[in-house]
Structures are given as C-alpha cells and as structure tokens.
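Student: 3D model of this:
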Amino acid sequence: MSTVKDPGQFEQLSVHLDDLDPMGMLHNSRYVALAERAINAYWSRRGWSPDAAVSTFPDFFMTIREVKVVFHRPITGMCAPVVHFWIERVGTTSCVHGFRVLSEDRSVVHAEGHRVIVNLDPQTLRPAPFSEALRAAAGLEPQPQAA
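Tutor: The predicted structure follows:
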C-alpha cells in the first residue's frame, strides 16, 4: 500500500434547493454526492475522463466498493460548502479517499467519511492494477515490481 504526502485538496461546491429535504436540510445522500463531485472535478482537471478516447490515463473504468459517512452537523439551506479530500491509501487495484464536508469558511465539519474505489478491467469487470501514470499524478510511489 502507498500513501500520499499531500495533506489534501479543497473544492467548493454548491448546495441547490433540490438537494434539500423537506426540513430544509441537505439530504443525507447528497453528502456523498458532494464528495464524488469534488474528487471528480479535481481529477477531471488533470485529464481523467470516464471516456477512454479522451482520458489522459488508461484507468478510466472505476467503481465504488464502499462508502462510509458520519454526520456531525446538518447543512441547512442553499450554500457553498467546501469538500476537503485526500488519499488515505492506495493498493494495487483500490484506493481509499478520506473526505470532510466543511462549512464555507471551513470552521464547521458537517460530515466526514471515506470512499473506496476499485479500478476495473473494462472487458472482464475484474480488478485491474492502477497505471503508473495515475499513480504518478497522485504523487504516489511506483508499485514494486514482482520478482
């Protein structure tokens, strides 16, 4: 497993009226959506795409294996929360991102959690190793080669 030395990234996003539940609070499922949007925006700016024809990286077919969220304080109303995310660890075929959903001024942690993604071979749908190009872009050490 590799870990990254970077303390993480921050993405500011928007909460819209249709993200709110009947009590005016951000619906619980939207916290995960905010984390996904933040992480995808970050990697999209670096050339990643789910379309193999345009992606900078050969790793374009990934799926979520696990998501865990702990809720601390609800987000109420439309606002612009900040998602702080980082890579906790990377294996051969999977990656764990930690994340926190923060208030706009970053003083309140509304929720925190992690998500595990698995890189798949698009033909077999079986786990496939991350490419060295993606590992380098994430600031990770190269994978040791099997002897």
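
Student: C-alpha only now, for contacts and for neighbours.
Tutor: Fine.

Student: and the top helix by length along the chain, how far out from the chain's middle?
Tutor: The longest helix of the chain (DSSP state H) is helix 28-45. Distance, stretch centre to chain centre, for helix 28-45: 6 Å (Cα atoms, centre = their mean, to the nearest Å).

Student: That one packs against which elements?
Tutor: Helices and strands touching helix 28-45, by 3 or more Cα pairs under 8 Å, 6 or more residues apart in numbering; DSSP states H and E, are strand 9-12, strand 82-90, strand 94-102.

Student: elements contacting the first one?
Tutor: The contact analysis (3+ Cα pairs under 8 Å, 6+ apart) places strand 9-12 against helix 28-45, strand 82-90.

Student: quick one: average pLDDT of the helix or strand that the longest one is followed by?
Tutor: The helix or strand immediately downstream of helix 28-45 is strand 62-71, counting by DSSP states H and E. Regarding strand 62-71, the rounded mean pLDDT is 97.

Student: Show residues contacting strand 62-71.
Tutor: If you take Cα atoms under 8 Å, 6 or more residues apart in numbering as the criterion, strand 62-71 is touched by Val32, His110, Ala111, Glu112, Gly113, His114, Arg115, Val116, Ile117, Val118, Asn119, Leu120.

Student: thinking again about what came up before, with just CA atoms, put the longest helix of the chain into PDB.
Tutor: C-alpha atoms of helix 28-45 as PDB (Å, rounded to 0.1, in the frame of the first residue of the first chain):
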ATOM      1  CA  ASN A  28     -28.100  12.600   3.700                       C
ATOM      2  CA  SER A  29     -27.300  11.100   0.200                       C
ATOM      3  CA  ARG A  30     -26.100  14.500  -1.000                       C
ATOM      4  CA  TYR A  31     -23.000  14.500   1.200                       C
ATOM      5  CA  VAL A  32     -21.600  11.500  -0.700                       C
ATOM      6  CA  ALA A  33     -22.600  13.200  -4.000                       C
ATOM      7  CA  LEU A  34     -20.600  16.300  -2.900                       C
ATOM      8  CA  ALA A  35     -17.600  14.200  -2.100                       C
ATOM      9  CA  GLU A  36     -17.900  12.500  -5.500                       C
ATOM     10  CA  ARG A  37     -18.300  15.800  -7.400                       C
ATOM     11  CA  ALA A  38     -15.300  17.300  -5.600                       C
ATOM     12  CA  ILE A  39     -13.000  14.300  -6.300                       C
ATOM     13  CA  ASN A  40     -14.200  14.000  -9.900                       C
ATOM     14  CA  ALA A  41     -13.700  17.700 -10.500                       C
ATOM     15  CA  TYR A  42     -10.100  17.500  -9.200                       C
ATOM     16  CA  TRP A  43      -9.200  14.500 -11.400                       C
ATOM     17  CA  SER A  44     -11.100  15.900 -14.500                       C
ATOM     18  CA  ARG A  45      -8.900  19.000 -14.400                       C
END
